[in-house]
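# Could you look at this predicted model? Sequence included:
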Amino acid sequence: DDGELMQAVNGVGVPLSNLMSLNDKERAWLKDYTGLRDALKTAMNDQLHDGEWEKSLAALKKTYAAFKAKHGRIFEHTRYERTFVDDAGEEETRVYKRFKWNKLLGSDVDVEVTLLNGLEVLSETSDKIEDGGMLKGRVLERRGAAETKTINDAFAVTLNDLGTLNLPRIAELMKVSEAEAIERTRS
């Protein structure tokens, strides 16, 4: 409530300043990032549940634009190289990326690269950072009903949905009686 950055530790909010030292720039970045992350999650949730996703997408774009103007890209980085000598005496040079905000992203238990890739996509071959799919339009939809044409389809759908084989559900998916479903497994 007072604007203090907190991190959940064993289910209890602990001031982030107790866990790591932050300068004013890092503190401002984290506060703005938290709002951006929450806007991203809202947009994703609205897309998955057929909510007002256009409205939350517009809010996400606005929040991201403000964040980027103030702090730059989330995946901002520098490259460096290291040369190694393998067991056969051959030299190999590897290129690494050092992410500017890695320390701060590591303090967010919700951060996942796949989540952030919704906002930004980093080229594997260059330093180019592009807007991710979440900033371009709808990318998530509610999963539709699986098509079940065979008894094996019904098995797979039941295992996926329930985590176990369930004869009544298999029969329901196949639109047959339980006895007919059993018979189909024998053929």
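Looks like it came in fine.
# got the buried residues for the longest helix along the chain?
What stands out as the longest helix in the chain, according to DSSP state H, is helix 24-48. The neighbour-count check on helix 24-48 (16 or more other Cβ atoms under 10 Å) flags 26-27, 29-30, 33, 36-37, 39-40, 42-44, 46-47 as buried. Heads up, the C-betas are built off the backbone N, CA and C, glycines and all.
# now the helices for this protein?
Taking DSSP H as the test, the helices found in the chain are 16-19, 24-48, 53-71, 102-105, 113-116, 151-162, 167-174, 178-186.
# what's near enough to touch the residue nearest the centre of the chain?
For the chain, Leu115 is the residue whose C-alpha lies nearest the centre (Cα atoms, centre = their mean; 2.4 Å). Going by Cβ atoms under 8 Å, 6 or more residues apart in numbering, Leu115 touches Arg37, Leu40, Lys41.
# Those into CSV, with extra columns for distance to Gln7 and pLDDT?
Below are the contacts of Leu115 laid out as CSV (distance: Cβ to Cβ, whole Å; pLDDT from 0 to 100):
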residue, distance to Gln7, pLDDT
Arg37, 13, 90
Leu40, 19, 94
Lys41, 17, 92
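# I'd like these as JSON lines, with distance to Ile151 appended.
What follows is the contacts of Leu115, written out as JSON lines (distance: Cβ to Cβ, whole Å):
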{"residue": "Arg37", "distance to Ile151": "44"}
{"residue": "Leu40", "distance to Ile151": "41"}
{"residue": "Lys41", "distance to Ile151": "39"}
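# out of everything not next to it in sequence, what's closest to Glu92?
Nearest residue to Glu92, sequence neighbours excluded (Cβ to Cβ, 6 or more residues apart in numbering): Phe84, at 5.2 Å.
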